[in-house]
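Participant: Sharing a sequence plus its predicted fold:
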Amino acid sequence: MDEQKKTEQNAVWNTEPNNERKSEQNIEPKSQPNNDLNSERNIEQNAEFNSKRNPERNAGANAERNAQRNAEQNTRWNTERNSRWNTERNTGAKSERKNELKAELLNSRIYHVMQGITQWMDRYYLDGVAGMIPGGVGDIVSALFAVVHVYFSAFRLHSIPLTLAILNNTLRDIFLGLLPFFVGDLIDFFHRANKRNMQLIDGFLTNNETVINEVNRKATQAAVVLVALVIGIILIIYALIWLTHTLGTALFS
């Protein structure tokens with residue numbers, strides 16, 4: 001009787017784990033495939049959704065960026081083209097206007113007068129002949145013809161350096177002509193200041209770089225000389241005033 005009970009209990013005990021294992025096996029295969037299937041389905045849906053949404057979003061963003069980039073490039077290109085076109089047009093207009101003014105100056109009456117003065121004074125040596133008049137009168141008279149060159153450079157060409165360079169040649173011609181013992185008279189025949197002035201004017205009109213450099217160099221020399229003369233005149237006037245005051249005080253006090 002007892003053995004029969006033990007046998008029944010062992011049978012019950014052996015059947016319970018088997019039932020539990022079967023129930024677990026029955027439950028697990030049902031629940032696990034469902035979870036995996038759902039997760040795979042969610043992944044596929046997300047992938048499909050992203051594949052539909054992202055291309056549209058990226059396409060729109062790319063189109064907007066491309067449109068903005070094209071607009072910026074077109075604006076920059078138009079600005080550069082207009083600037084270059086305006087520069088070329090202004091440069092061409094200035095160059096054309098400058099050539100017209102140059103032609104007008106070369107055909108002007110005063111230019112032909114300067115050519116005549118240069119021919120008579122230097123080529124026919126009237127400057128040297130006038131310099132032989134004593135007392136420096138001839139040198140001063142011949143220097144008056146240079147006023148035409150000074151007027152042309154100052155009021156027709158509006159060039160201060162060229163005017164100073166012409167004054168440099170003219171003043172040098174006067175001072176050299178004042179040298180005593182006929183040395184100045186001999187120099188007047190070979191110095192030819194009027195011819196030098198015409199060369200400066202012609203080179204300035206044709207934009208000759210060598211002549212322009214010479215103009216600048218002589219203009220600097222003339223400016224230094226003029227400043228020195230002004231300072232010398234002021235010192236002479238101050239010395240005369242001081243001498244007059246000193247002598248007047250000594251004689252009449």
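Facilitator: Arrived safely, thanks for sending. Numbering: from 1, shown residues only.
Participant: secondary structure element for the residue nearest the centre of the chain?
Facilitator: With distances taken as CA atoms, centre = their mean, the residue of the chain nearest its centroid is Thr87 (12.9 Å). According to DSSP states H and E, Thr87 maps onto helix 2-106.
Participant: Look up phi and psi at Ser108.
Facilitator: Main-chain dihedrals, Ser108, degrees, to the nearest 10: phi -80, psi 160.
Participant: For it, which non-adjacent residue is spatially closest?
Facilitator: Nearest residue to Ser108, sequence neighbours excluded (CB to CB, 6 or more residues apart in numbering): Arg156, at 7.6 Å. Using the backbone N, CA and C atoms, a C-beta is placed for each residue, glycine as well.
Participant: distance of that neighbour from Leu247?
Facilitator: In this view, Arg156 and Leu247 are 50 Å apart by CB to CB, to the nearest Å.
Participant: More neighbours: these two, which one.
Facilitator: More crowded of Arg156 and Leu247, by other CB atoms under 10 Å: Arg156, with 15 against 10.
Participant: for that one, what are its contacts?
Facilitator: By CB atoms under 8 Å, 6 or more residues apart in numbering, Arg156 lies in contact with Leu105, Ser108, Ile110.
Participant: surely the first one meets Tyr111?
Facilitator: If I follow you right, that is Leu105. Yes. With contact defined as CB atoms under 8 Å, Leu105 reaches Tyr111; the gap is 6.0 Å.
Participant: between these two, who's got more neighbours?
Facilitator: Tyr111 (19 against 15).
Participant: and the host helix or strand of the more buried one, what does it pack onto?
Facilitator: Applying DSSP H and E as the criterion places Tyr111 in helix 109-118. Under the contact criterion of 3 or more CB pairs under 8 Å, 6 or more residues apart in numbering; DSSP states H and E, helix 109-118 touches helix 147-151, helix 193-205.
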